[in-house]
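S.K.: I would like to see how this sequence folds:
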Amino acid sequence: MSERRLVGLGATVALVGIALCASDMQDVGAWTTLLGLIVTIWGVHRFGRSGPDQDFA
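M.R.: All right, here's what the predicted structure looks like:
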């Protein structure tokens, strides 16, 4: 999975977790939000370590 997709997936999971926290499923929402944040941080870390973009010229 590419780094950009990983960051997007993590952010989406975090938003779903926040929405669950706003409903009656606060425990599940808290763990979902935490998982989403961890995936987002991991994706940003991998994105930063992938180096600069290659020139296409």
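
S.K.: List the buried residues in stretch 40-51.
M.R.: Residues of stretch 40-51 classed as buried by neighbour count (16 or more other Cβ atoms under 10 Å): 40, 43. (Each C-beta comes from the backbone N, C-alpha and C, glycine too.)

S.K.: Can I get that stretch as PDB, trimmed to CA atoms?
M.R.: The C-alpha atoms that make up stretch 40-51 are tabulated as PDB, following Å, rounded to 0.1, in the frame of the first residue of the first chain:
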ATOM      1  CA  THR A  40      -1.900   8.100  10.000                       C
ATOM      2  CA  ILE A  41       1.300   8.600  12.000                       C
ATOM      3  CA  TRP A  42       2.800   5.400  10.500                       C
ATOM      4  CA  GLY A  43       1.800   6.600   7.000                       C
ATOM      5  CA  VAL A  44       3.300  10.000   7.500                       C
ATOM      6  CA  HIS A  45       6.500   8.400   8.900                       C
ATOM      7  CA  ARG A  46       6.800   6.200   5.800                       C
ATOM      8  CA  PHE A  47       6.000   9.100   3.500                       C
ATOM      9  CA  GLY A  48       8.800  11.100   5.000                       C
ATOM     10  CA  ARG A  49      11.300   8.300   4.800                       C
ATOM     11  CA  SER A  50      10.500   7.600   1.100                       C
ATOM     12  CA  GLY A  51      12.700  10.500   0.100                       C
END
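
S.K.: now the protein, which segments are flagged as low pLDDT?
M.R.: 50-57 (pLDDT under 70).

S.K.: Touching, residue 7 and residue 40? I think so.
M.R.: Yes: look at residue 7 against residue 40 with Cβ atoms under 8 Å: they come within range, at 5.8 Å.

S.K.: chain center to the helix or strand hosting residue 28, what's the gap?
M.R.: Applying DSSP states H and E as the criterion places residue 28 in helix 26-49. Remark: helix 26-49 is offset 5 Å from the chain centroid, using Cα atoms, centre = their mean, to the nearest Å.
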